[in-house]
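# what would the 3D arrangement of this be:
(chains A and B)
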Amino acid sequence: NAGVTQTPKFRVLKTGQSMTLLCAQDMNHEYMYWYRQDPGMGLRLIHYSVGEGTTAKGEVPDGYNVSRLKKQNFLLGLESAAPSQTSVYFCASSSGGVGKQYFGPGTRLTVT
Amino acid sequence: GQQVMQIPQYQHVQEGEDFTTYCNSSTTLSNIQWYKQRPGGHPVFLIQLVKSGEVKKQKRLTFQFGEAKKNSSLHITATQTTDVGTYFCAGREGTALIFGKGTTLSVSS
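As a prediction, this is how the structure comes out:
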């Protein structure tokens, strides 16, 4: 039981490049979330999903897209990376909308 | 939208001293969750409070939910070096959690 895993752990992009971050969970959770964490800013919700095939915008969705084609996977895409997207990205999942969230280890992304 | 504010932003204590972080919401919360993030790590769930005036303890940690369900606190008695990290509160808004900016605790022995 691996819990929540994220791929890759680190990535450096040039401005304008695209990439996809992968989150996978093996707990059969319905809800999945993408957050970004910046120094002094706490955790800010980018997008979330309440089930396979559904997605919704969070607090800071601009510049990101997401997909939830399979229940266990939640993908975060950056179509044209900008330096402002330099951050640590955390994925999380929960069994219900009100329960505790399980976080992955994070992806540290630098955009130059 | 809902805002969750946490104070202080940073706190340094000597090992053995007590520590408290406070969380305040601009709106009434249905529940509040607390998470701990060790340096270089990811947030880990500590507890959820649901009832007005609720108090829960986990060993040296005491969590309180205000009577009006708009504030909460985490108190650590006799801190240890293992308590180092950032403590976040999070209030629920619909199906999403709104996190405070966290309180970073450092402990010197």
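# okay, CA-based contacts and neighbour counts for the rest of this
Fine.
# who touches stretch B:59-72?
By C-alpha atoms under 8 Å, 6 or more residues apart in numbering or on different chains, the list of residues contacting stretch B:59-72 from outside reads B:22-32, B:49-57, B:73-78.
# C-terminal to the longest strand belonging to chain B, what's the next element?
The residue-count maximum for a strand in chain B (DSSP state E) belongs to strand B:85-93. Moving toward the C-terminus from strand B:85-93, the next helix or strand (DSSP states H and E) is strand B:96-99.
# interface residues of chain A facing chain B?
Taking C-alpha under 8 Å from any C-alpha of the partner chain, the part of chain A that reaches chain B is made up of A:40-45, A:48, A:58, A:90, A:97-98, A:100-106.
# buried only: go through these for me.
Neighbour counting by 16 or more other C-alpha atoms under 10 Å in any protein chain shown classes A:42-45, A:48, A:58, A:90, A:97-98, A:100-106 among those as buried.
# tell me the secondary structure for residue A:97?
coil (DSSP: H, G, I helix; E, B strand; the rest coil).
# what's the nearest residue to it if we skip its chain neighbours?
For residue A:97, ignoring the flanking residues on the chain, the nearest one in space by C-alpha to C-alpha, 6 or more residues apart in numbering or on different chains is residue B:95 at 5.0 Å.
# same question for residue B:39.
Take residue B:39 and drop its neighbours on the chain: the residue closest to it by C-alpha to C-alpha, 6+ apart is residue B:85, 5.7 Å away.
# please list the residues of chain B that sit near chain A.
Counting by C-alpha under 8 Å from any C-alpha, chain B comes close to chain A at B:33, B:41-45, B:48, B:88, B:92, B:95-102.
# center of chain A, which residue is that?
Centroid check for chain A by C-alpha atoms, centre = their mean gives residue A:34 as the closest residue, at 3.0 Å.
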